[in-house]
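**Student:** From the sequence below, what's the structure:
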Amino acid sequence: MKTRSYKKSKNNKTRKLHTSQDIAGRPIAAGGFGCVFKPPIKCKKVNLREKQNKKDYVSKLMKKRYAREEMGENTRVKKVILNIPNNEKYFLLNNIFKCAPNNLEAEDLIDFNDKCGNMGNMGITKSNVNNNLGKLSLINIPYGGEALSDYISDLKKSLHTKNGKLRFYHLNNMLIELLENAIIPMNKLGLIHNDLKADNILVEKVDGGKAGVSMKIIDWGLSGVSKMKERESPILAVRDRPFQFNVPFGVILFNNINNLITKFKKDQKLAYKDKDSIVPLNSLKQLATYIIHYCQYYAGSGHSTYIFYDLRKLTKPFSSSEISGSDNVTTNCYKYGIFTSTYVIDYIADILKNFVKDGMFDEKAYFDIYRHNVDIWGLLTCYKDLIETMPAKKYLKKNLMLKLSNLVFKYLYGTEYASKKIPVKELISHLHDLNKVVGFKTKIKQTKKAKQSKMKIVWSPPSNNREISIPAGKKRCPIGYVKNKATGKCRKKGTKKADGTGKSQIKTIGKAKYSLFMENGSALHKAKDKTRKRCPTGYRKVRIEDGYLICKKKK
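**Tutor:** Residues are numbered from 1 along each chain as shown. A predicted model of the protein is given here:
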């Protein structure tokens with residue numbers, strides 16, 4: 001009897017750090033609205049149970065309302081995704097269906113309370129789940145592989161080996177492909193995922209890993225669709241959001257902050273007398289800090305703790321005893337997040353500098369930047385996951401880690417692209433450079449359909465240039481030729497039909513066909529059909545050695 005593994009639903013709004021217990025239990029993320037089973041829990045209806053057996057499915061057990069909402073999200077998103085070429089390769093949206101769950105069996109209940117703790121919030125436990133199935137639904141999803149977060153956790157252990165570098169090479173190329181062929185196209189259509197991260201990308205090995213990996217994007221619970229207007233109001237999906245580690249920090253500015261700016265100016269006695277007045281940078285940083293504290297209080301802290309914790313890990317390898325001096329500043333700054341919080345403050349201050357005009361935040365102008373950057377941000381956090389647990393000594397000695405660090409701080413945590421759109425071509429070029437660091441010169445070439453070479457015109461007979469056969473796959477004659485309706489062949493314009501007799505070069509009587517040729521000045525017909533014994537009118541039969549009939553013109 002196969003024991004099911006559990007994964008807490010990825011349809012969640014919180015981030016949990018993996019622990020050794022998490023990795024052993026295979027949960028993908030904490031919180032959320034459901035618990036995922038593999039093999040799936042059986043559907044109650046027999047016909048739907050048979051449908052489950054046709055594919056390798058996982059099932060997500062959740063409250064009925066959440067199941068309806070998730071199915072609705074999938075339908076809404078799928079309408080956009082269907083316009084993207086090869087969408088099935090990059091998105092897991094097909095063959096998903098909902099059903100009522102059958103009673104959970106003994107193996108389904110193993111570690112149920114530990115792995116499906118979110119059910120406890122509904123008062124559902126291992127002992128009473130089968131008595132509460134009327135409140136629950138199953139969403140059945142084709143198995144798309146393991147979470148990229150788990151794949152990266154395993155990859156980090158072998159990055160120093162030849163096989164590990166090859167795996168990184170395949171991973172990097174697939175992430176680039178996902179960016180070019182899935183993320184950018186869907187963003188251009190107005191769809192933003194708004195929660196892209198390693199937990200929401202599934203990875204499956206191709207040919208056991210020899211041919212690389214395939215990836216699919218999942219979990220559209222925080223997604224939204226923009227109308228792609230030049231000055232569009234921020235969509236509902238980005239409003240009133242707390243800090244989220246995998247989206248730009250500027251998301252907190254969609255919390256109606258203009259009242260905050262007015263109040264801050266009054267409290268600080270700052271004057272914005274005219275449009276072109278320059279606000280002191282120090283004041284902008286104070287305003288940014290004020291907004292951050294306000295949003296953390298009213299919208300919730302979100303991932304604030306995790307973000308500061310992550311920034312400490314990413315920056316600590318570069319701390320120096322020469323900088324810290326005798327006061328041991330570095331230790332305290334890293335311990336309490338004072339130093340790393342300046343990254344977030346500077347990021348918000350840069351946005352305020354560029355989008356606060358005449359004392360008002362232009363959220364429409366900033367939303368145009370945000371919707372371009374948000375899913376690129378999410379994808380780049382997958383690279384951050386490769387270095388966040390690397391010990392400081394190893395970090396500084398590995399060129400790949402340093403390159404990844406530069407990438408993360410350039411495009412995510414620095415202010416260079418806080419107020420500007422991330423240049424996709426430049427980013428892709430930098431991602432390709434990572435392949436060189438691990439010893440590969442170029443990316444994996446995409447397999448394209450082989451172009452069929454144009455058929456060469458074959459003349460028949462070789463000595464005659466009056467008629468030709470239409471090339472395979474073509475319907476029209478080449479330029480300079482017209483179609484002979486009787487034979488279906490192409491005759492050169494301005495020529496007669498084969499010879500002075502006015503007869504066609506190919507004579508057809510019933511099913512028999514004859515090829516005209518010349519021998520010793522005489523016009524002969526060679527029968528292509530050996531079983532045919534009659535010659536055309538005006539010709540007499542002459543048998544030759546190879547068994548063919550030669551029809552010689554009568555004198």
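**Student:** got the contact list for S419?
**Tutor:** Contacts for S419 (Cβ atoms under 8 Å, 6 or more residues apart in numbering) come out as D350, I351, K353, N354, F355, Y366, I369. For glycine as for every other residue, the C-beta is placed from the backbone atoms N, C-alpha and C.
**Student:** Excluding sequence neighbours, find me the nearest residue to I183.
**Tutor:** D375 (5.0 Å; Cβ to Cβ, 6 or more residues apart in numbering).
**Student:** sorry, back to before: out of the contacts of S419, which sit inside helices?
**Tutor:** When the contacts of S419 are checked against helices (DSSP state H), the matches are D350, I351, K353, N354, F355, Y366, I369.
**Student:** sorry, back to before: out of the contacts of S419, which end up buried?
**Tutor:** Buried subset of the contacts of S419 (neighbour count, 16 or more other Cβ atoms under 10 Å): D350, I351, K353, F355, Y366, I369.
**Student:** tell me which element the residue nearest to I183 falls in.
**Tutor:** For D375, the element it lies in under DSSP states H and E is helix 363-387.
**Student:** Mind listing what's buried along that helix?
**Tutor:** Across helix 363-387, burial judged by 16+ other Cβ under 10 Å covers 363, 366-387.
**Student:** before we move on, what about stretch 63-82?
**Tutor:** Buried, per 16+ other Cβ under 10 Å, within stretch 63-82: K63, Y66, A67, E70, E73, N74, V77, V80, I81.
**Student:** tell me the mean pLDDT over it?
**Tutor:** Averaged over stretch 63-82, pLDDT sits at 94.
**Student:** from the chain's centre, how far out does it sit?
**Tutor:** 18 Å (Cα atoms, centre = their mean, to the nearest Å).
**Student:** And the contacts of S419, which two are furthest apart?
**Tutor:** Greatest spatial distance among the contacts of S419 (Cβ to Cβ): K353 and I369, at 13.2 Å.
**Student:** ok, back up a step: would CSV of the buried residues of stretch 63-82 with distance to G190 be doable?
**Tutor:** Putting the buried residues of stretch 63-82 into CSV (distance: Cβ to Cβ, whole Å) gives the following:
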residue, distance to G190
K63, 30
Y66, 25
A67, 26
E70, 21
E73, 15
N74, 17
V77, 11
V80, 7
I81, 12
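**Student:** So which of the residues you listed sit within strands?
**Tutor:** K63 (DSSP state E).
**Student:** Just name the closest of the buried residues of stretch 63-82 to L133, please.
**Tutor:** Closest to L133, out of all of those and judged by Cβ to Cβ, is K63, at 11.5 Å.
**Student:** Is it correct that that closest one is in contact with F33?
**Tutor:** Yes - K63 lies in contact with F33 (Cβ atoms under 8 Å); the separation is 6.6 Å.
**Student:** any weak-confidence spans in the chain?
**Tutor:** 1-32, 209-210, 268-281, 317-339, 389-397, 442-475, 494-534, 543-549, 555 (pLDDT under 70).
**Student:** Could you chop it up by domain?
**Tutor:** Partitioning the chain according to automatic domain parsing yields domains covering residues 1-143, 230-415, 467-553.
**Student:** just how off-centre is the second one within its chain?
**Tutor:** What that stands for is domain 230-415. 26 Å.
**Student:** measure it end to end?
**Tutor:** Domain 230-415 has an end-to-end distance of 23 Å (criterion: Cα to Cα, to the nearest Å).
**Student:** hmm, back to that, can you put the contacts of S419 in JSON lines and add distance to I152?
**Tutor:** Below are those laid out as JSON lines (distance: Cβ to Cβ, whole Å):
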{"residue": "D350", "distance to I152": "30"}
{"residue": "I351", "distance to I152": "30"}
{"residue": "K353", "distance to I152": "35"}
{"residue": "N354", "distance to I152": "34"}
{"residue": "F355", "distance to I152": "34"}
{"residue": "Y366", "distance to I152": "31"}
{"residue": "I369", "distance to I152": "28"}
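**Student:** For the nearest residue to G34 once chain neighbours are set aside, give me its contacts.
**Tutor:** Spatial nearest neighbour of G34, excluding adjacent residues (Cβ to Cβ, 6+ apart): M62 at 3.2 Å. For M62, the contacting residues are S9, F33, G34, C35, E70, L136, S137, I139, by Cβ under 8 Å, 6+ apart.
**Student:** Okay, the third one and T75: tell me how far apart.
**Tutor:** According to Cβ to Cβ, to the nearest Å, G34 stands 18 Å off from T75.
**Student:** so V77 touches L222, yeah?
**Tutor:** No - the pair V77 and L222 fails to qualify as a contact (Cβ under 8 Å) at a distance of 11.4 Å.
**Student:** ok, and for stretch 427-438, which residues are buried?
**Tutor:** Buried residues in stretch 427-438 (16+ other Cβ under 10 Å): L427, L431, H432, L434, N435, V437, V438.
**Student:** ok, so of the residues you listed, who is nearest I201?
**Tutor:** L431 (15.4 Å).
**Student:** Would you list the phi and psi of that closest one?
**Tutor:** Main-chain torsions, L431, degrees, to the nearest 10: phi -70, psi -40.
**Student:** Tell me who's in contact with it.
**Tutor:** So L431 contacts N172, L175, I176, L179, L407 (Cβ under 8 Å, 6+ apart).
**Student:** Any chance of the backbone angles for the third one?
**Tutor:** For I176, the backbone dihedrals (degrees, to the nearest 10) come out as phi -60, psi -40.
**Student:** same thing with the last one?
**Tutor:** Dihedral pair for L407: phi -60, psi -50, per degrees, to the nearest 10.
**Student:** Helices along the stretch 351-500 of the chain, start to end?
**Tutor:** 363-387, 392-397, 399-408, 424-437 (DSSP state H, counting those that start in this stretch).
**Student:** Out of these, flag the one nearest C551.
**Tutor:** Once the helices of the stretch 351-500 of the chain are compared by Cβ to Cβ, helix 424-437 is nearest, at 69.1 Å.
**Student:** angle of the closest one against helix 399-408?
**Tutor:** Counting by axes from the mean of the first three to the mean of the last three Cα atoms, to 10 degrees, helix 424-437 lies at 170 degrees to helix 399-408.
**Student:** which residues of the stretch 151-300 of the chain fall in helices?
**Tutor:** 162-178, 184-188, 258-268, 281-298.
**Student:** Now render those helices as a markdown table, adding mean neighbour count and distance to L48.
**Tutor:** Formatted as a markdown table, these follow (neighbours: other Cβ atoms under 10 Å; distance: least, Cβ to Cβ, whole Å):
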| stretch | mean neighbour count | distance to L48 |
| --- | --- | --- |
| helix 162-178 | 19 | 32 |
| helix 184-188 | 18 | 30 |
| helix 258-268 | 14 | 51 |
| helix 281-298 | 17 | 44 |
